[in-house]
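Visitor: Would you be able to build a 3D model of this:
(one chain, ligands or ions: 1)
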Amino acid sequence: MTTLRVAMIGYGFMGSAHSVGWRQAPRMFALPAEAEMAVIVGRNADAVAEAAHTWGWAESATDWREVIARPDIDIVDIVTPGDSHAEIAIAALEAGKHVLCEKPLANTVEEAEAMADAAARAAENGVKAMVGFTYRRVPAVTHMRNLIAEGVVGTVQQVRAAYRQDWLVDPEGPLTWRLKKETAGSGALGDIGAHIIDMTQFVTGQTVDAVSGTIETIVTRRPILGERVGLLGTATSEYGDVTVDDAALFTGRLSGGALVSFEATRFATGRKNALSIEVSGDRGALRFDLEDLNTLQFYDRTEPGDRQGFTKILVTEASHPYVSAWWPAGHMLGYEHGFSHQVVDLVAAIAEDAEPHPSFADGLSVQRVLDAVERSASNDSAWTRSAAVVPAV
Ligand code: SOE
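Guide: Numbers count the residues shown, from 1 in each chain. Purely as a prediction, here's the structure:
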(Lines give C-alpha, C1' and ligand atoms only; values in the text may rest on other atoms or scores of the structure.)
Protein backbone atom coordinates (compact mmCIF):
# COMPACT_ATOMS: atom_id res chain seq x y z
CA MET A 1 0.00 0.00 0.00
CA THR A 2 1.25 3.52 -0.81
CA THR A 3 2.40 5.62 2.13
CA LEU A 4 1.59 9.34 2.09
CA ARG A 5 3.90 11.33 4.32
CA VAL A 6 2.36 14.49 5.70
CA ALA A 7 3.97 17.81 6.65
CA MET A 8 1.77 20.20 8.62
CA ILE A 9 2.67 23.91 8.58
CA GLY A 10 1.40 25.67 11.71
CA TYR A 11 0.51 24.42 15.17
CA GLY A 12 -2.24 26.55 16.75
CA PHE A 13 -5.84 25.54 17.45
CA MET A 14 -6.32 24.18 13.92
CA GLY A 15 -2.98 22.41 14.15
CA SER A 16 -4.26 20.38 17.09
CA ALA A 17 -7.58 19.66 15.36
CA HIS A 18 -5.86 18.52 12.15
CA SER A 19 -3.41 16.41 14.15
CA VAL A 20 -6.34 14.58 15.75
CA GLY A 21 -7.66 13.94 12.24
CA TRP A 22 -4.35 12.59 10.91
CA ARG A 23 -3.97 10.37 13.99
CA GLN A 24 -7.50 8.97 14.18
CA ALA A 25 -8.51 8.52 10.54
CA PRO A 26 -6.01 5.74 9.73
CA ARG A 27 -6.97 3.91 12.92
CA MET A 28 -10.73 4.01 12.47
CA PHE A 29 -11.15 3.91 8.67
CA ALA A 30 -9.82 1.40 6.14
CA LEU A 31 -7.93 4.02 4.14
CA PRO A 32 -6.73 3.15 0.62
CA ALA A 33 -3.25 4.50 1.48
CA GLU A 34 -1.19 4.84 4.65
CA ALA A 35 -0.95 8.37 6.08
CA GLU A 36 2.12 9.10 8.17
CA MET A 37 2.49 12.17 10.41
CA ALA A 38 6.02 13.00 9.27
CA VAL A 39 6.85 16.58 10.23
CA ILE A 40 5.25 19.63 11.83
CA VAL A 41 6.61 23.08 11.04
CA GLY A 42 6.58 26.32 13.05
CA ARG A 43 8.84 29.31 13.56
CA ASN A 44 9.50 28.75 17.28
CA ALA A 45 11.75 25.66 17.48
CA ASP A 46 10.96 24.80 21.12
CA ALA A 47 7.21 25.31 20.82
CA VAL A 48 6.92 23.31 17.61
CA ALA A 49 9.05 20.50 19.06
CA GLU A 50 6.66 20.34 22.00
CA ALA A 51 3.66 20.28 19.65
CA ALA A 52 5.29 17.43 17.69
CA HIS A 53 5.71 15.47 20.90
CA THR A 54 2.18 16.19 22.19
CA TRP A 55 0.35 15.38 18.96
CA GLY A 56 2.60 12.58 17.70
CA TRP A 57 4.45 14.04 14.71
CA ALA A 58 7.73 12.18 14.01
CA GLU A 59 9.78 15.37 13.54
CA SER A 60 9.55 19.13 13.88
CA ALA A 61 11.16 21.80 11.71
CA THR A 62 11.28 25.59 11.47
CA ASP A 63 11.61 26.27 7.73
CA TRP A 64 8.54 25.40 5.63
CA ARG A 65 10.42 25.97 2.36
CA GLU A 66 12.98 23.29 3.25
CA VAL A 67 10.22 20.90 4.24
CA ILE A 68 8.26 21.46 1.02
CA ALA A 69 11.43 20.73 -0.97
CA ARG A 70 11.88 17.34 0.72
CA PRO A 71 11.28 14.38 -1.62
CA ASP A 72 9.89 12.26 1.23
CA ILE A 73 6.88 14.61 1.78
CA ASP A 74 3.68 13.91 -0.18
CA ILE A 75 1.02 16.10 1.48
CA VAL A 76 1.34 19.63 2.86
CA ASP A 77 -1.36 20.57 5.39
CA ILE A 78 -1.56 24.36 5.93
CA VAL A 79 -2.99 25.55 9.26
CA THR A 80 -1.35 28.98 9.43
CA PRO A 81 -3.23 32.32 9.47
CA GLY A 82 -4.68 33.35 6.10
CA ASP A 83 -1.87 35.73 5.14
CA SER A 84 0.50 32.85 4.37
CA HIS A 85 -1.93 30.41 2.71
CA ALA A 86 -1.31 31.55 -0.86
CA GLU A 87 2.48 31.57 -0.68
CA ILE A 88 2.76 28.17 1.01
CA ALA A 89 0.01 26.46 -1.01
CA ILE A 90 1.29 27.64 -4.38
CA ALA A 91 4.88 26.68 -3.51
CA ALA A 92 3.74 23.25 -2.32
CA LEU A 93 1.59 22.60 -5.41
CA GLU A 94 4.45 23.69 -7.67
CA ALA A 95 6.70 21.25 -5.80
CA GLY A 96 4.22 18.49 -6.68
CA LYS A 97 2.77 18.08 -3.16
CA HIS A 98 -0.91 17.47 -2.48
CA VAL A 99 -2.29 20.32 -0.35
CA LEU A 100 -4.90 20.62 2.35
CA CYS A 101 -5.43 24.30 3.25
CA GLU A 102 -7.48 25.69 6.14
CA LYS A 103 -10.40 28.00 5.43
CA PRO A 104 -10.93 30.67 4.33
CA LEU A 105 -8.79 29.74 1.33
CA ALA A 106 -7.02 33.13 1.33
CA ASN A 107 -7.31 36.71 2.50
CA THR A 108 -8.27 38.17 -0.88
CA VAL A 109 -9.94 37.09 -4.12
CA GLU A 110 -6.69 37.72 -6.01
CA GLU A 111 -4.79 35.30 -3.77
CA ALA A 112 -7.58 32.74 -3.98
CA GLU A 113 -7.59 33.00 -7.79
CA ALA A 114 -3.84 32.43 -7.90
CA MET A 115 -4.29 29.40 -5.62
CA ALA A 116 -7.13 27.97 -7.71
CA ASP A 117 -5.00 28.45 -10.86
CA ALA A 118 -2.05 26.70 -9.22
CA ALA A 119 -4.36 23.86 -8.16
CA ALA A 120 -5.74 23.52 -11.70
CA ARG A 121 -2.20 23.36 -13.14
CA ALA A 122 -1.10 20.84 -10.50
CA ALA A 123 -4.20 18.71 -11.14
CA GLU A 124 -2.89 18.01 -14.65
CA ASN A 125 -0.13 16.02 -12.95
CA GLY A 126 -2.46 14.24 -10.53
CA VAL A 127 -1.73 16.61 -7.62
CA LYS A 128 -4.75 17.27 -5.37
CA ALA A 129 -5.78 20.41 -3.47
CA MET A 130 -8.52 20.60 -0.87
CA VAL A 131 -9.78 23.41 1.38
CA GLY A 132 -10.68 22.65 5.00
CA PHE A 133 -14.37 23.44 5.31
CA THR A 134 -14.56 20.66 7.83
CA TYR A 135 -18.20 21.16 8.88
CA ARG A 136 -19.24 19.66 5.52
CA ARG A 137 -18.06 16.41 7.05
CA VAL A 138 -20.25 16.41 10.10
CA PRO A 139 -22.35 13.32 9.22
CA ALA A 140 -25.63 15.23 9.73
CA VAL A 141 -24.51 17.96 7.29
CA THR A 142 -23.46 15.48 4.60
CA HIS A 143 -26.75 13.65 5.18
CA MET A 144 -28.66 16.93 4.85
CA ARG A 145 -26.99 17.58 1.52
CA ASN A 146 -27.81 14.05 0.30
CA LEU A 147 -31.47 14.38 1.35
CA ILE A 148 -31.82 17.75 -0.40
CA ALA A 149 -30.24 16.27 -3.54
CA GLU A 150 -32.79 13.42 -3.33
CA GLY A 151 -35.55 16.05 -3.34
CA VAL A 152 -37.01 15.59 0.14
CA VAL A 153 -37.48 19.34 0.66
CA GLY A 154 -38.57 19.91 -2.94
CA THR A 155 -37.68 23.26 -4.46
CA VAL A 156 -35.55 25.33 -2.09
CA GLN A 157 -37.46 28.54 -1.34
CA GLN A 158 -35.51 30.07 1.54
CA VAL A 159 -32.41 29.40 3.65
CA ARG A 160 -31.42 30.76 7.07
CA ALA A 161 -27.77 30.37 8.06
CA ALA A 162 -26.14 31.74 11.19
CA TYR A 163 -22.79 31.31 12.91
CA ARG A 164 -22.78 32.95 16.34
CA GLN A 165 -19.90 33.09 18.82
CA ASP A 166 -19.28 35.35 21.82
CA TRP A 167 -15.53 35.22 22.47
CA LEU A 168 -15.05 38.94 21.72
CA VAL A 169 -17.77 40.36 23.97
CA ASP A 170 -15.17 41.40 26.56
CA PRO A 171 -13.68 44.69 25.23
CA GLU A 172 -10.43 43.88 27.07
CA GLY A 173 -9.95 40.71 25.06
CA PRO A 174 -6.59 41.21 23.29
CA LEU A 175 -5.79 42.01 19.69
CA THR A 176 -4.93 38.58 18.26
CA TRP A 177 -4.12 37.82 14.62
CA ARG A 178 -7.81 37.12 13.93
CA LEU A 179 -8.55 40.82 14.62
CA LYS A 180 -6.07 42.25 12.12
CA LYS A 181 -6.84 42.66 8.45
CA GLU A 182 -3.25 42.01 7.38
CA THR A 183 -3.23 38.54 8.94
CA ALA A 184 -6.88 37.44 8.82
CA GLY A 185 -8.24 39.27 5.76
CA SER A 186 -11.55 39.92 7.49
CA GLY A 187 -13.14 39.21 10.87
CA ALA A 188 -16.27 37.24 11.69
CA LEU A 189 -17.10 37.43 8.00
CA GLY A 190 -14.14 35.38 6.73
CA ASP A 191 -13.54 33.29 9.83
CA ILE A 192 -17.04 31.96 10.44
CA GLY A 193 -19.18 33.56 7.71
CA ALA A 194 -17.05 31.53 5.26
CA HIS A 195 -18.32 28.33 6.89
CA ILE A 196 -22.00 29.18 6.44
CA ILE A 197 -21.50 30.36 2.87
CA ASP A 198 -19.75 27.10 2.03
CA MET A 199 -22.35 25.08 3.89
CA THR A 200 -25.22 26.82 2.11
CA GLN A 201 -23.61 26.15 -1.29
CA PHE A 202 -22.80 22.57 -0.29
CA VAL A 203 -26.19 21.52 1.06
CA THR A 204 -28.27 23.25 -1.63
CA GLY A 205 -25.93 22.49 -4.54
CA GLN A 206 -26.40 26.12 -5.60
CA THR A 207 -24.16 29.18 -5.60
CA VAL A 208 -24.62 32.44 -3.70
CA ASP A 209 -24.67 34.74 -6.72
CA ALA A 210 -25.41 38.15 -5.15
CA VAL A 211 -25.41 39.66 -1.68
CA SER A 212 -26.52 42.74 0.20
CA GLY A 213 -24.71 43.19 3.48
CA THR A 214 -23.61 45.22 6.46
CA ILE A 215 -20.47 44.66 8.52
CA GLU A 216 -19.63 46.24 11.83
CA THR A 217 -16.71 46.53 14.22
CA ILE A 218 -18.29 46.80 17.65
CA VAL A 219 -15.10 47.23 19.74
CA THR A 220 -12.65 49.25 17.68
CA ARG A 221 -9.61 49.30 20.01
CA ARG A 222 -8.23 46.48 22.12
CA PRO A 223 -5.17 45.76 24.26
CA ILE A 224 -2.11 44.55 22.37
CA LEU A 225 -1.64 40.80 22.86
CA GLY A 226 0.83 39.55 25.45
CA GLU A 227 0.80 35.77 25.21
CA ARG A 228 -1.71 33.88 23.08
CA VAL A 229 -3.96 31.39 24.89
CA GLY A 230 -6.65 29.65 22.84
CA LEU A 231 -8.58 32.12 20.68
CA LEU A 232 -7.61 35.02 23.00
CA GLY A 233 -4.66 35.44 25.40
CA THR A 234 -3.19 37.88 27.88
CA ALA A 235 -3.49 41.64 27.44
CA THR A 236 -0.72 44.25 27.72
CA SER A 237 -1.34 47.89 28.74
CA GLU A 238 -0.93 49.21 25.17
CA TYR A 239 -3.95 49.48 22.83
CA GLY A 240 -4.26 49.09 19.07
CA ASP A 241 -6.95 49.27 16.38
CA VAL A 242 -9.17 46.36 15.44
CA THR A 243 -9.06 46.37 11.64
CA VAL A 244 -11.67 43.70 10.83
CA ASP A 245 -15.41 43.29 11.37
CA ASP A 246 -16.88 41.81 14.54
CA ALA A 247 -20.22 40.99 12.93
CA ALA A 248 -21.57 40.59 9.41
CA LEU A 249 -25.23 40.46 8.43
CA PHE A 250 -26.08 39.79 4.83
CA THR A 251 -28.76 38.54 2.51
CA GLY A 252 -27.84 36.29 -0.39
CA ARG A 253 -29.56 35.27 -3.61
CA LEU A 254 -28.98 31.64 -4.64
CA SER A 255 -28.48 30.61 -8.25
CA GLY A 256 -31.88 28.87 -8.06
CA GLY A 257 -33.51 32.14 -6.95
CA ALA A 258 -34.06 31.51 -3.22
CA LEU A 259 -33.17 34.12 -0.60
CA VAL A 260 -30.70 33.34 2.20
CA SER A 261 -30.23 35.27 5.43
CA PHE A 262 -26.70 35.05 6.82
CA GLU A 263 -25.40 36.17 10.20
CA ALA A 264 -21.78 35.77 11.33
CA THR A 265 -20.91 37.32 14.67
CA ARG A 266 -18.50 37.10 17.56
CA PHE A 267 -20.84 39.21 19.68
CA ALA A 268 -23.73 36.84 20.32
CA THR A 269 -23.51 36.85 24.10
CA GLY A 270 -23.95 33.31 25.42
CA ARG A 271 -23.49 31.65 22.03
CA LYS A 272 -20.20 29.76 22.07
CA ASN A 273 -20.03 28.13 18.66
CA ALA A 274 -23.61 28.14 17.40
CA LEU A 275 -23.74 27.31 13.71
CA SER A 276 -27.20 26.62 12.33
CA ILE A 277 -28.73 26.25 8.91
CA GLU A 278 -32.35 25.74 7.92
CA VAL A 279 -33.41 25.00 4.36
CA SER A 280 -37.11 25.49 3.57
CA GLY A 281 -38.64 23.99 0.45
CA ASP A 282 -42.09 23.42 -1.01
CA ARG A 283 -42.15 19.76 0.14
CA GLY A 284 -40.38 20.08 3.49
CA ALA A 285 -37.60 21.59 5.54
CA LEU A 286 -34.30 20.48 7.08
CA ARG A 287 -32.44 22.10 9.95
CA PHE A 288 -28.96 21.47 11.37
CA ASP A 289 -27.56 22.97 14.55
CA LEU A 290 -23.94 22.41 15.58
CA GLU A 291 -24.92 22.57 19.26
CA ASP A 292 -26.82 19.31 18.61
CA LEU A 293 -24.57 17.98 15.89
CA ASN A 294 -25.65 14.34 15.87
CA THR A 295 -29.15 15.26 14.79
CA LEU A 296 -31.06 16.70 11.86
CA GLN A 297 -34.55 18.18 12.11
CA PHE A 298 -36.83 17.17 9.22
CA TYR A 299 -40.30 18.51 8.44
CA ASP A 300 -42.20 16.58 5.79
CA ARG A 301 -45.05 18.58 4.21
CA THR A 302 -46.21 15.52 2.29
CA GLU A 303 -47.33 13.82 5.52
CA PRO A 304 -51.04 14.14 6.41
CA GLY A 305 -51.68 17.46 8.20
CA ASP A 306 -52.42 15.85 11.56
CA ARG A 307 -48.98 14.20 11.58
CA GLN A 308 -46.86 17.10 10.36
CA GLY A 309 -44.16 18.45 12.64
CA PHE A 310 -40.38 18.60 12.83
CA THR A 311 -38.93 15.19 13.61
CA LYS A 312 -35.48 14.57 14.99
CA ILE A 313 -33.29 12.20 12.99
CA LEU A 314 -30.42 10.81 15.03
CA VAL A 315 -27.63 10.70 12.45
CA THR A 316 -25.68 7.89 14.09
CA GLU A 317 -26.76 4.87 12.02
CA ALA A 318 -24.14 2.88 10.16
CA SER A 319 -25.99 3.84 6.97
CA HIS A 320 -25.29 7.54 7.62
CA PRO A 321 -22.21 9.19 6.06
CA TYR A 322 -18.90 8.30 7.81
CA VAL A 323 -20.66 6.75 10.81
CA SER A 324 -20.02 3.04 10.20
CA ALA A 325 -16.31 3.46 11.01
CA TRP A 326 -17.10 4.73 14.50
CA TRP A 327 -19.46 3.48 17.18
CA PRO A 328 -22.80 1.64 17.33
CA ALA A 329 -25.96 3.72 16.76
CA GLY A 330 -26.55 6.41 19.35
CA HIS A 331 -22.90 6.64 20.47
CA MET A 332 -22.36 10.27 19.60
CA LEU A 333 -19.67 11.97 17.52
CA GLY A 334 -18.20 15.44 18.16
CA TYR A 335 -16.45 18.46 16.66
CA GLU A 336 -13.17 16.64 16.06
CA HIS A 337 -14.60 13.85 13.93
CA GLY A 338 -14.96 16.20 10.95
CA PHE A 339 -11.17 16.50 10.89
CA SER A 340 -10.82 12.73 10.56
CA HIS A 341 -13.43 12.67 7.81
CA GLN A 342 -11.47 15.36 5.99
CA VAL A 343 -8.40 13.11 6.03
CA VAL A 344 -10.49 10.15 4.84
CA ASP A 345 -11.78 12.12 1.84
CA LEU A 346 -8.41 13.63 0.94
CA VAL A 347 -6.56 10.30 1.12
CA ALA A 348 -9.31 8.63 -0.93
CA ALA A 349 -9.13 11.36 -3.60
CA ILE A 350 -5.34 10.96 -3.83
CA ALA A 351 -5.47 7.16 -3.94
CA GLU A 352 -8.30 7.09 -6.47
CA ASP A 353 -7.00 10.03 -8.52
CA ALA A 354 -10.32 11.89 -8.05
CA GLU A 355 -10.90 15.60 -7.49
CA PRO A 356 -11.19 16.27 -3.75
CA HIS A 357 -13.99 18.44 -2.35
CA PRO A 358 -14.17 21.16 -1.29
CA SER A 359 -11.68 22.03 -4.02
CA PHE A 360 -9.70 25.25 -4.29
CA ALA A 361 -12.33 26.32 -6.85
CA ASP A 362 -14.96 25.90 -4.12
CA GLY A 363 -12.76 27.94 -1.76
CA LEU A 364 -12.45 30.66 -4.40
CA SER A 365 -16.21 30.73 -4.83
CA VAL A 366 -16.63 31.40 -1.09
CA GLN A 367 -13.91 34.06 -1.25
CA ARG A 368 -15.83 35.86 -3.99
CA VAL A 369 -18.94 35.94 -1.82
CA LEU A 370 -16.93 37.31 1.14
CA ASP A 371 -15.51 40.01 -1.12
CA ALA A 372 -18.97 40.88 -2.47
CA VAL A 373 -20.28 41.29 1.10
CA GLU A 374 -17.48 43.77 1.88
CA ARG A 375 -18.10 45.66 -1.36
CA SER A 376 -21.84 45.77 -0.66
CA ALA A 377 -21.25 46.96 2.92
CA SER A 378 -19.08 49.82 1.70
CA ASN A 379 -21.75 50.80 -0.85
CA ASP A 380 -24.82 51.28 1.38
CA SER A 381 -25.63 47.55 1.29
CA ALA A 382 -26.32 47.66 -2.44
CA TRP A 383 -26.96 44.26 -4.06
CA THR A 384 -23.56 43.11 -5.32
CA ARG A 385 -22.75 40.18 -7.58
CA SER A 386 -20.26 37.65 -6.28
CA ALA A 387 -19.57 36.12 -9.71
CA ALA A 388 -19.25 32.80 -7.91
CA VAL A 389 -18.07 29.81 -9.90
CA VAL A 390 -20.33 26.75 -9.82
CA PRO A 391 -19.19 24.66 -6.85
CA ALA A 392 -18.61 20.99 -7.50
CA VAL A 393 -20.47 19.03 -4.83
C1 SOE B 1 -12.80 30.80 15.66
O2 SOE B 1 -13.82 31.65 15.31
C3 SOE B 1 -12.97 29.39 15.10
O4 SOE B 1 -11.94 28.62 15.63
C5 SOE B 1 -12.86 29.32 13.58
O6 SOE B 1 -11.63 29.80 13.12
C7 SOE B 1 -13.07 27.88 13.12
O8 SOE B 1 -13.06 27.81 11.72
C9 SOE B 1 -14.40 27.37 13.67
O10 SOE B 1 -14.49 25.99 13.40
C11 SOE B 1 -14.51 27.56 15.15
O12 SOE B 1 -14.22 28.88 15.51
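Visitor: From here on, just use CA atoms for contacts and neighbour counts.
Guide: Will do.
Visitor: quick one, strands of the stretch 51-200 of the chain?
Guide: Assigned by DSSP state E, counting those that start in this stretch, the stretch 51-200 of the chain shows strands spanning 59-61, 75-78, 98-102, 129-132, 156-164.
Visitor: Now render those strands as TSV, adding mean pLDDT, mean neighbour count and distance to Ile90.
Guide: Below are these laid out as TSV (pLDDT from 0 to 100; neighbours: other Cα atoms under 10 Å; distance: least, Cα to Cα, whole Å):
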stretch	mean pLDDT	mean neighbour count	distance to Ile90
strand 59-61	98	20	20
strand 75-78	99	28	11
strand 98-102	98	26	9
strand 129-132	98	28	10
strand 156-164	99	22	30
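Visitor: Select, out of those strands, the one closest to Tyr322.
Guide: Among the strands of the stretch 51-200 of the chain, the nearest to Tyr322 by Cα to Cα is strand 129-132 (16.8 Å).
Visitor: Mind listing residues that contact the closest one?
Guide: Applying Cα atoms under 8 Å, 6 or more residues apart in numbering, the external contacts of strand 129-132 come out as 93, 98-105, 119, 342, 346, 356-360, 362-363.
Visitor: list the contacts for Gly187?
Guide: Gly187 makes contact with 178-181, 244-247, according to Cα under 8 Å, 6+ apart.
Visitor: How is the protein partitioned into domains?
Guide: According to the TED database, the chain comprises the domains 3-134, 135-359+366-378.
Visitor: quick one, which of those is nearest to Arg385?
Guide: Arg385 lies closest, by Cα to Cα, to one member of those: domain 135-359+366-378, at 4.1 Å.
Visitor: The residue lying closest to Met28 once chain neighbours are set aside: neighbour count?
Guide: Nearest residue to Met28 in three dimensions, chain neighbours excluded: Ala325, at 5.8 Å (Cα to Cα, 6 or more residues apart in numbering). As a burial measure, Ala325 scores 13 neighbours (other Cα atoms under 10 Å).
Visitor: How about Thr108?
Guide: Counted with other Cα under 10 Å, Thr108 comes out at 20.
Visitor: partner residues bridging Asp289?
Guide: Ser276 (DSSP bridges).
Visitor: so it sits right up against Ser276, yeah?
Guide: Yes - the pair Asp289 / Ser276 is scored as a contact, 4.3 Å apart, by Cα atoms under 8 Å.
Visitor: Considering the contacts of Gly187, which possesses the most neighbours?
Guide: Highest neighbour count within those, by other Cα under 10 Å: Asp245, with 26 neighbours.
Visitor: My understanding was that it contacts Gly190; is that so?
Guide: No - using Cα under 8 Å, Asp245 makes no contact with Gly190, being 9.3 Å away.
Visitor: Can you show me the helices along this structure?
Guide: In the chain, the segments counted as helices under DSSP state H are 13-28, 45-55, 64-68, 85-94, 109-123, 139-150, 181-184, 188, 194-204, 337-352, 360-377.
Visitor: Tell me which of those lies nearest to Ile218.
Guide: helix 188 (11.4 Å).
Visitor: other SSEs contacting that closest one?
Guide: For helix 188, there is no helix or strand it packs on, judged by 3 or more Cα pairs under 8 Å, 6 or more residues apart in numbering; DSSP states H and E.
Visitor: Report the central residue of this structure.
Guide: Phe133 (2.6 Å; Cα atoms, centre = their mean).
Visitor: Read off the pLDDT value for that one.
Guide: Looking at Phe133, its pLDDT is 98.
Visitor: Where does pLDDT dip in this protein?
Guide: The chain contains residues with pLDDT under 70 at 388-393.
Visitor: redo that, cut-off 80
Guide: Within the chain, the stretches with pLDDT under 80 are 387-393.
Visitor: my read: Ile197 touches Val366, true?
Guide: Yes - with contact defined as Cα under 8 Å, Ile197 counts as touching Val366 (6.4 Å).
Visitor: Off-centre distance for stretch 262-280?
Guide: 15 Å (Cα atoms, centre = their mean, to the nearest Å).
Visitor: Was I right to think Glu182 contacts Ala106?
Guide: No - judged on Cα under 8 Å, Glu182 makes no contact with Ala106 at a distance of 11.4 Å.
Visitor: how far away is the residue of the chain most remote from its centre from Asp77?
Guide: What lies farthest from the middle of the chain is Asp306; by Cα atoms, centre = their mean that is 39.8 Å. To Asp77, Asp306 is 52 Å away according to Cα to Cα, to the nearest Å.
Visitor: just Phe262 next, same as before
Guide: From Phe262 over to Asp77 the distance is 29 Å, taken as Cα to Cα.
Visitor: count of neighbours near Arg375?
Guide: Arg375 has 21 neighbouring residues, counting by other Cα under 10 Å.
Visitor: Isn't it up against Thr384?
Guide: Yes - counting by Cα under 8 Å, Thr384 is a contact partner of Arg375 at 7.2 Å.
Visitor: and Ser340, what does it touch?
Guide: Neighbouring residues of Ser340 by Cα under 8 Å, 6+ apart: 18, 20-22, 24-25.
Visitor: hang on, isn't the residue nearest to Met28 packed against Phe29?
Guide: Yes - under the criterion of Cα under 8 Å, Ala325 makes contact with Phe29 at 5.7 Å.
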